[in-house]
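In: Sharing a model prediction with you, sequence too.
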Amino acid sequence: MASYPSTYTPPTPVRRIRYFIFLKDVLILACTTFGGPQVHLAMMLDRFVMKRRYLTEAELLELNALCQILPGPTSTQTITALGFKIGGPNLAYLTLIVWAFPSVLIMTLTAIGIYYVQQRSISLDFTRFIQPMAVGFLIVAGYRIARKVILNQMGIVLAVISALTSYAFPSPYITPVVLIAGGFATAFFYKKHEKMEKAPIQIKWANFFLWIGVLITAATVGAITKSLPLRLFENFYRNGSLVFGGGQVLTPMLYNEFVEFKHYLSRQEFLSGLAIVQVTPGPVFSFASYIGVLSMRDYGLSGQLLGGLMATAGIFLPGTFLIFFVYRFWNQLKRYRGVRASLEGINAASTGLTASAAILLFQPMSGSGASVLIVVATILLLEYSKIPPYLLIIAGLFLGFLV
């Protein structure tokens, strides 16, 4: 796996206590942070910057911007890189496990529960009010982050252009184009940034070769053996290596592959899981665990758990390898003013992508007065009340059972 930097020294007892406190903070966020990467970032700012001061707000925002231009789960890469910054590779891997475990467990149990329900011919309609609530969460998250990262008229223009572009061309491949274009747009204003002493960029390629090596090996072994667990790992590893922009971009890719092409899940199963993962704490990429379980429904409980495990490993590992690769020379790279200036455009463009995702998710339900009312009510309750998000979720599920 990842090797230690040459400057690494074993942690002292004080450092171990600090690492434990950090992992406790990660677990708290993993259990309480609903709504996707934008909400995750807002909560990270509150806990990691304002409360604990592990890093500055500018450092966290630039780290998040870096992760947005890499394939993989943005918030997971951000929090893993923070673990790397604080305690090296071992703490980073522990951070990944602690961060992902609650949502992976919930989505695994959800898939097993849905299979159990279907075996007894029970309807899944009780989940139908959750999706409009998820749209409300997304809108509020985007608004809160926009207030922090859009600092001038250029930021507003970039956010609007990226929203219109991604709405007009709803392809996962447009996401990196929009983010890179946003970065280029503000990179030209690099002169307003302070000059920093430059140093030669030293690149350690081990994690890059690890990433590409696992991809090739998984594809080869899966094709030869025809093993469904191995093919699931390869499928999700490939998707995790190609997706830019978070769970909202991952969703159509998974739908096309596992519903339309391979028929591992029905449309109703997919949408039910999607609705639940939108309001599950932690990373949205845990949706892979749900799909992995149902893809191996015919192999008994042990097979379902194996499917969930392989899908989970496949979706999270690529982004982890890549952030370990890039983060090692990021401090050298960001000394260039053009690189730092580009982060403003990337953050603004990301806000536009969030707005576009919210519109696309809202459109199918815009003809339903009840769904519109739920979206509006969710937004108002999140902004003007202190009701915890999980209580709103429970209320939505309860309403679904009643109606």
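Out: All right, it came through fine.

In: By mean pLDDT, which helix or strand of the protein comes out lowest?
Out: helix 247-255 (a mean of 68; mean pLDDT, DSSP states H and E).

In: what bits of the stretch 251-400 of the chain have low per-residue confidence?
Out: 252-253, 331, 334, 390 (pLDDT under 70).

In: Got phi/psi on residue 53?
Out: Backbone geometry at residue 53, expressed as degrees, to the nearest 10, gives phi 60, psi 40.

In: roughly how far apart are it and residue 45?
Out: 12 Å (C-beta to C-beta, to the nearest Å). Just so you know, the C-beta spots here come from the backbone N, C-alpha and C atoms, and that holds for glycine as well.

In: More neighbours: these two, which one.
Out: For residue 53 versus residue 45, the count of surrounding residues by other C-beta atoms under 10 Å is larger for residue 45: 18 against 8.

In: Could you measure from the spatially most central residue of the chain over to residue 150?
Out: For the chain, the residue nearest the mean C-alpha position is residue 73 (3.7 Å; C-alpha atoms, centre = their mean). Distance of residue 73 to residue 150, computed by C-beta to C-beta: 23 Å.

In: thinking again about what came up before, quick one: distance of the next helix or strand after the least confident helix or strand of the chain to the chain centre.
Out: Next along the chain after helix 247-255, taking DSSP states H and E as the criterion, comes helix 267-278. Put simply, helix 267-278 sits 17 Å off its chain's centre (C-alpha atoms, centre = their mean, to the nearest Å).

In: what packs against the helix or strand following helix 267-278?
Out: As assigned by DSSP H and E, the chain's next helix or strand after helix 267-278 is helix 287-295. Applying 3 or more C-beta pairs under 8 Å, 6 or more residues apart in numbering; DSSP states H and E, we find helix 287-295 packed against helix 74-119, helix 228-242, helix 247-255, helix 267-278, helix 300-327.

In: Would you confirm that residue 234 contacts residue 214?
Out: No. Counting by C-beta atoms under 8 Å, residue 234 stays clear of residue 214, with 9.4 Å between them.

In: out of these two, which sits in the more crowded spot?
Out: residue 234 (23 against 19).

In: dump the residue contacts of the more buried one.
Out: Shown in contact with residue 234 (C-beta atoms under 8 Å, 6 or more residues apart in numbering): 215, 218, 219, 222, 314.

In: tell me the contacts of the first one?
Out: Under the criterion of C-beta under 8 Å, 6+ apart, the contact list for residue 215 reads 234, 237, 238, 241, 318.

In: same thing but 6 Å
Out: Residue 215 makes contacts with residue 237, as judged by C-beta atoms under 6 Å, 6 or more residues apart in numbering.

In: Mark which of the contacts of residue 234 are part of helices, please.
Out: 215, 218, 219, 222, 314 (DSSP state H).

In: before we move on, back to that, shouldn't the residue nearest to the centre of the chain be in contact with residue 319?
Out: Yes. Using C-beta atoms under 6 Å, residue 73 is in contact with residue 319, at 5.4 Å.

In: Dump the contacts of residue 234 into a markdown table; add distance to residue 200 as well.
Out: Formatted as a markdown table, the contacts of residue 234 follow (distance: C-beta to C-beta, whole Å):
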| residue | distance to residue 200 |
| --- | --- |
| 215 | 30 |
| 218 | 35 |
| 219 | 35 |
| 222 | 40 |
| 314 | 36 |
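
In: Just give me the least confident of those residues.
Out: Among the contacts of residue 234, residue 222 carries the lowest pLDDT, at 83.

In: wouldn't that residue be in contact with residue 228 here?
Out: No. With contact defined as C-beta under 6 Å, residue 222 does not count as touching residue 228 (9.0 Å).

In: What distance do you get for residue 44 to residue 263?
Out: With distances taken as C-beta to C-beta, residue 44 is found 38 Å from residue 263.

In: Pick out whichever of the two has more residues nearby.
Out: residue 44 (26 against 8).

In: in what helix or strand does that one lie?
Out: helix 37-44.

In: Convert the C-alpha atoms of that helix to CSV, please.
Out: C-alpha atoms of helix 37-44 as CSV (Å, rounded to 0.1, in the frame of the first residue of the first chain):
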residue,chain,number,x,y,z
PRO,A,37,-20.4,16.5,-0.7
GLN,A,38,-21.6,20.1,-0.3
VAL,A,39,-23.2,19.4,3.1
HIS,A,40,-20.1,17.4,4.1
LEU,A,41,-17.9,20.3,3.3
ALA,A,42,-20.0,22.7,5.4
MET,A,43,-19.9,20.3,8.3
MET,A,44,-16.1,19.8,7.9
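
In: And the average pLDDT for that helix is what?
Out: The model assigns helix 37-44 a mean pLDDT of 78.
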